[in-house]
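Trainee: Just to be clear, the model below is a prediction. Sequence and coordinates:
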Amino acid sequence: MREWNETEREYGRERSIAAVFEEQVQQRPEAVAVVMGERSWSYAELNRRANQLAHYLRELGVGPEVCVGLCVERSLEMVVGMLGILKAGGAYVPLDASYPTERLAYMLADAGVAVVLTQERVAAVLAEPGVPVVCFERDWEQIGQESETNPESGAVAENLAYVIHTSGSTGTPKGAMNTHRAIGNRLHWMQQRYQLTPADRVLQKTPMSFDVSVWEFFWPLLQGARLVLARPGGHQDPEYLLGLIAREQITTLHFVPSMLQQFLAESGVAQQCQSVRQVMCSGEALSLELQERYFEVLNAPLHNLYGPTEAAVDVTSWECQREGDSGTSVPIGEPISNVEVYVLDEQLRLAPVGVVGQLYLGGVCVGRGYVRQPGLTAERFIPHPYSRVGGERLYRTGDEGRYRADGNLEYVGRADQQVKLRGYRIELGEIEAVLQQHESVSEAAVLVHPNEEGHKQLVAYVVSASETQPATSELRQFMQQRLPIYMLPSVFMFLDAFPLTTSGKLNRKALPAPDSTRPELDREFVAPRTSGEEVMAQIWAQVLGVEEVGVHDNFFELGGDSIISIQIVARARQQGLAISARQLFQYQTIAELASVATVAETTDAAQGDLSGALPLTPIQRWFFAQELAEQHHFNQSVLLSVQQPIDTSLLRELMTALLRQHDALRLRFTHTEAGWSQEIAPFDADDVPLTVLDFAHVSAAE
């Protein structure tokens, strides 16, 4: 095991993230750095704006070891905010605007945030933060007056880079602290291993409050590549992601396994992902079945990564094998550079190869601990018993695993009540603690159960404090005010008493699994009244694993969540109904959803005649920018031999229909002094380019 932890590499880790980014600005000032929709900024423009924000923050007292809250939607401003905070020397604290106000207030106080950066459309969720608030829209005119030069931040590798809050077993989140040195080592290793180039385009779709977002943001920007931002909420929409990948020619992206499974179920994945050259997977255990499915669909390498928030994103890596592995699960691989992974027993002794123990992490990756929680930090960050230099620490992950004979690690499970669900780390004890705060709840327990479709969901077991049972909608609303949506139970089950072990403790294994009958809801069952409602009710019943669904039943009270919403959208589209995941969150009953659902587009749907000038797409702009010597290089011709007589009138009718329906066949590209442009020629049924040459009556010699 000690040989497998000989991972020392010299990366020159004494520079801050901002300093490395500034080197790329010097090398590629006019190259596109970040793109979102139709907006894009060059490296020089991004650096200029980040510098102005950094100087402004410095005047507000931001410097090394000062935390700045960042509460913004995914946008170009989000990237400016992160870089501006780091350039000022501070550490950013992600504040997800979808979190309850009470939780955000706790995170602000817990991290000791000195300033908050936000946008007008989300600022309301912060209530009264008690610290200066800088709003991009409101204050940028003043920020834009600041110096455009790189500031002297004073930040060094040992300084704090960010604080990301994770679920805590005591009922409140805990803030994990990481330094520039730890994340810098992770990014340097990633570059050495996966070789990003300026031609690469990396998709950023992970919420900022999830630590995978750290490498999504900074890896491309530190290598001169292009960072492509998904729209807010876009990470939950496989159809949108497919279009974005094809349009922006994405080469590198990340999925948690549960989302990867939904993504691969979309039609056209292989065709639209031809630009993808590598996919990273982490956040949950990757199954052998999903690995096999991936290689059935895509040819790009798949990498399985593992790491907790307390240790700078990822600490092990494994390249998945197309032929599969002889083990029972997909390995999490070997330690990355300058990282140590030990498998220890309860007495902190090295576990033999093949024997399960708890995973402990050492090396550069280990974070500082939890902000303002010295007791918990001392409990989880322990003295390193195998340190060669002294004074080092190991992080006790709570994960169980084992080393294989080839030096690769296998993840086995958890040693406590923490779970990973849809990539989020959740302490079941935090959910139980919040649920027990409700006046109508005497006892509460939360477990993870798979539904009939195999989808994992949180199930809450409740013993009422009185004979009157609280409504599930009441409990859900109570918890929604205190917990993020990914921590809300999908199912509530009411019991008269909890099963106990012989020692009088809760017997979690004896808690019943949810059944498939309609749960107890605070509304009567109303059957579907229209064909659209009938179709929707059948889809909900199938995906949610519920026998009976009424038109006024709430999607989330029936057990719905973000991953299930993706399945609902996909199956509805197959049945000819067009809805979006966002609509499902907005219109949570079948009656409401049916009122906004539209007929899904099909290949024979009439779209009308399109014509006129159009802006070039990013791919078209790139193509013409190549200034190829042979502009017609990509033209194609096809020769077909037909074995039966051709009806030329029918062929003309067919070509006429094609030209009317497919406006792309009428595209014309023109080059002028102003550059390249494109225009769709008006449809003209009398101008179908069909020429018929009949040689049936001509001799062979002629």
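Mentor: Looks like it came in fine.
Trainee: Buried residues in the helix or strand containing residue 649, which are they?
Mentor: In this assignment (DSSP states H and E), residue 649 forms part of helix 648-661. When burial is assessed from 16 or more other CB atoms under 10 Å, helix 648-661 yields the following buried residues: 656, 659-661. (C-beta placed from N, C-alpha, C; glycine too.)
Trainee: same deal with stretch 259-275?
Mentor: Residues of stretch 259-275 classed as buried by neighbour count (16+ other CB under 10 Å): 259-264, 266, 269, 272-273, 275.
Trainee: what about the strands in the stretch 501-650 of the chain?
Mentor: 577-578, 598-599, 612-614 (DSSP state E, counting those that start in this stretch).
Trainee: Can you tell me which of these is most buried?
Mentor: Most buried of the strands of the stretch 501-650 of the chain, by mean neighbour count (mean count of other CB atoms under 10 Å): strand 577-578, with a mean of 16.
Trainee: still on that earlier bit, out of the buried residues of helix 648-661, flag the one nearest to residue 313.
Mentor: Using CB to CB, residue 661 comes nearest to residue 313 of the buried residues of helix 648-661, at 47.6 Å.
Trainee: Which pLDDT value belongs to residue 593?
Mentor: Per-residue pLDDT puts residue 593 at 86.
Trainee: if I look at it, how far off is residue 572?
Mentor: Plainly put, residue 593 is 9 Å away from residue 572 if you go by CB to CB, to the nearest Å.
Trainee: Now for these two: what residues contact both?
Mentor: Listed as contacting both residue 593 and residue 572 by CB atoms under 8 Å, 6 or more residues apart in numbering are 536, 579.
Trainee: where in the stretch 501-650 of the chain is pLDDT low?
Mentor: 516-523, 599-611, 617-619, 622, 626, 631-635 (pLDDT under 70).
Trainee: right, and the helix or strand after the longest helix that the chain contains?
Mentor: In the chain, assigned by DSSP state H, the helix with the most residues is helix 43-59. Heading C-terminal from helix 43-59, the first helix or strand you meet, by DSSP H and E, is strand 67-71.
Trainee: residues contacting the residue nearest to the spatial centre of the chain?
Mentor: In the chain, the centroid-proximal residue (CA atoms, centre = their mean) is residue 206; its distance is 3.0 Å. Neighbouring residues of residue 206 by CB under 8 Å, 6+ apart: 212-213, 216, 235, 254, 423.
Trainee: one more time with 10 Å
Mentor: Neighbouring residues of residue 206 by CB atoms under 10 Å, 6 or more residues apart in numbering: 74, 212-217, 230, 235, 253-256, 259, 283, 423.
Trainee: What pLDDT is listed against residue 343?
Mentor: 95.
Trainee: Tell me where the stretch 251-400 of the chain has helices.
Mentor: 257-264, 269-272, 288-297, 374-380 (DSSP state H, counting those that start in this stretch).
Trainee: Of those, which is nearest residue 186?
Mentor: Closest among these, using CB to CB: helix 374-380, at 19.6 Å.
Trainee: What is that closest one packed up against?
Mentor: With contacts defined as 3 or more CB pairs under 10 Å, 6 or more residues apart in numbering; DSSP states H and E, helix 374-380 has these neighbours: strand 174-179, strand 369-370, strand 393-403.
Trainee: Kindly export the helix or strand just after the first one (C-alpha atoms) in CSV.
Mentor: This means strand 174-179. Next helix or strand after strand 174-179 toward the C-terminus (DSSP H and E): helix 180-194. Taking only C-alpha atoms (Å, rounded to 0.1, in the frame of the first residue of the first chain), the coordinates of helix 180-194 have been written out as CSV:
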residue,chain,number,x,y,z
HIS,A,180,-5.0,27.4,-3.7
ARG,A,181,-2.2,24.7,-3.3
ALA,A,182,-4.7,21.8,-3.0
ILE,A,183,-6.9,22.8,-6.0
GLY,A,184,-3.8,23.8,-8.0
ASN,A,185,-2.3,20.4,-7.5
ARG,A,186,-5.6,18.8,-8.7
LEU,A,187,-5.7,21.0,-11.8
HIS,A,188,-2.0,20.4,-12.6
TRP,A,189,-2.5,16.6,-12.3
MET,A,190,-5.6,16.8,-14.5
GLN,A,191,-3.7,18.6,-17.2
GLN,A,192,-0.9,16.1,-17.1
ARG,A,193,-3.3,13.2,-17.3
TYR,A,194,-5.9,14.4,-19.8
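Trainee: which residues sit against the helix or strand following helix 180-194?
Mentor: Next in sequence after helix 180-194, counting helices and strands by DSSP H and E, comes strand 201-204. Residues outside strand 201-204 that contact it (CB under 10 Å, 6+ apart): 32, 34-36, 74, 78-79, 196, 212-213, 215-217, 219-221, 223, 225-230, 234-235, 241, 244-245, 248-254, 275-276, 278, 618.
Trainee: Of the helices of the stretch 251-400 of the chain, which is nearest residue 524?
Mentor: Proximity to residue 524 (CB to CB) singles out helix 257-264 among the helices of the stretch 251-400 of the chain, at 33.0 Å.
Trainee: name the helices or strands packed onto the closest one?
Mentor: Helices and strands touching helix 257-264, by 3+ CB pairs under 10 Å, 6+ apart, are helix 238-248, strand 252-255, strand 278-281, helix 288-297, strand 418-421, helix 562-574.
Trainee: So which of the ones you listed is the most surrounded?
Mentor: Among those, highest average neighbours (mean count of other CB under 10 Å) belong to strand 252-255, with a mean of 25.
Trainee: That strand - contacts with which helices or strands?
Mentor: strand 201-204, helix 212-221, helix 238-248, helix 257-264, strand 278-281, strand 302-306.
Trainee: Save the ones you listed as a markdown table, and put in mean pLDDT and distance to residue 6 too.
Mentor: Below are the helices and strands packed on strand 252-255 laid out as a markdown table (pLDDT from 0 to 100; distance: least, CB to CB, whole Å):
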| stretch | mean pLDDT | distance to residue 6 |
| --- | --- | --- |
| strand 201-204 | 97 | 31 |
| helix 212-221 | 96 | 24 |
| helix 238-248 | 93 | 38 |
| helix 257-264 | 90 | 30 |
| strand 278-281 | 96 | 25 |
| strand 302-306 | 96 | 19 |
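Trainee: could you dump the ones you listed to a markdown table with distance to residue 70?
Mentor: Formatted as a markdown table, the helices and strands packed on strand 252-255 follow (distance: least, CB to CB, whole Å):
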| stretch | distance to residue 70 |
| --- | --- |
| strand 201-204 | 14 |
| helix 212-221 | 11 |
| helix 238-248 | 23 |
| helix 257-264 | 24 |
| strand 278-281 | 23 |
| strand 302-306 | 24 |
